[in-house]
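Q: Structure of the sequence below:
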Amino acid sequence: MATNDVWTITRILTWTRQYFAGKGIENPRLDAELLLCEVLHCERITLYVHFDQPLQESELARYRDFIIRRGKQEPLAYILGHKEFYKYDFKVTPAVLVPRPETELLVEKVAQAPMPAEPRILDVGTGSGAILISLLAELPQAAGVGVDKSAAALAVAKANAAYVATQVKDATLPARFTWTESDVLTALPATERFDVLVSNPPYIPSGVIPTLARDVQREPHLALDGGQDGLSIYRRLLAEAPAYLQPDSLVALEIGEEQGGAVAALAAAAGFTVQVVLQDYANLDRMVLATKEGSSYADYILGLKK
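A: Alright, predicted model coming up:
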């Protein structure tokens, strides 16, 4: 890509789409547009309205750097430094898993559940904080604790609590979000009690990791690798969770598409006598909701299955 030539928006997008396609990028045109929007500080519609606008030398230089990084399969969100999730924008770094659209369904179902006046929410493997912070933004009377084994991930989550607070204009949100560095629940104080447990734990079987898309493999393996069968964290979490939950509580877990029955069985073995496996918009198993018979959550989650 020569820089001593005139590169308009249309020309640079056409070239980049072809280059990305040749590199096996899944959405070459979309990625090209999002990266250019980041360079030009504009919305995507602007690229079409001002299609013949030439890029300045400094803009070309920054965009060229983005193209090289994406061509090497660096995740798009890491290059942009942020990712939209649910209704909000989140800071993203290589220390955290990139938030996925399918996880938004978990936030939606938990946010709609019946809640006590001031619910306490525990998010295990919080990463960027996307799940918990979205819930705190939706539930202004709630408070929560984000748990993660990675101190670097918790730093991102802490920054996101303040970042999302500015988006929703809620100065209380950062104070309602606290965090604990812990391997699952081992470092959580024994006196803690929560009304809701949410988690998107690592659930990909170890042997499958090398077969994932190259950009996914560049995300933290700590957030991907679920052990030999993908269920190792579920076993630990569901065994340890009852000691930290109120008698009337809700568990909401994201799962892999073939793990619904296995995770529901683990929940049952841990004493959660009501379990529901829900599908995502692609009709794939995506979450397990669990509670106990007689719980205020039981009718709600059973109703979701209808």
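Q: Now do the helices in the stretch 1-150 of the chain.
A: Using DSSP state H, counting those that start in this stretch, the helices of the stretch 1-150 of the chain run over 9-22, 28-40, 44-49, 57-71, 76-80, 104-111, 130-138.
Q: Those: which one's closest to A268?
A: Closest approach to A268 among these is made by helix 104-111 (19.4 Å; C-beta to C-beta). For every residue, glycine as well, the C-beta is placed using N, CA and C.
Q: Who are the packing partners of the closest one?
A: helix 130-138, strand 194-199, strand 245-254, strand 285-291 (3 or more C-beta pairs under 8 Å, 6 or more residues apart in numbering; DSSP states H and E).
Q: in the third one, what's buried?
A: Think strand 245-254. Within strand 245-254, the residues that count as buried by 16 or more other C-beta atoms under 10 Å are 245, 249-254.
Q: what angle separates that strand from helix 130-138?
A: 120 degrees (axes from the mean of the first three to the mean of the last three C-alpha atoms, to 10 degrees).
Q: centre of the chain versus strand 245-254, how much separation?
A: How far strand 245-254 lies from its chain's middle: 19 Å, per C-alpha atoms, centre = their mean, to the nearest Å.
Q: Check what contacts it and list those residues.
A: Contact with strand 245-254 is made by 102-103, 106, 109-110, 113, 193-201, 203, 234, 237-238, 241, 263, 267, 272, 286-292, 295-297, 301, as judged by C-beta atoms under 8 Å, 6 or more residues apart in numbering.
Q: Ok, the last one next?
A: Strand 285-291 is contacted by residues 102, 105-106, 109, 248-260, 263-264, 267-268, 272, 274-280, 297-298, 301, 304 when judged by C-beta under 8 Å, 6+ apart.
Q: What's the PyMOL syntax to select whichever of those are buried?
A: In PyMOL, this line selects whichever of the contacts of strand 285-291 come out buried by 16+ other C-beta under 10 Å:
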select buried, resi 102+105+106+109+249+250+251+252+253+254+255+256+259+260+263+264+267+272+274+275+276+277+278+280+297+298+301
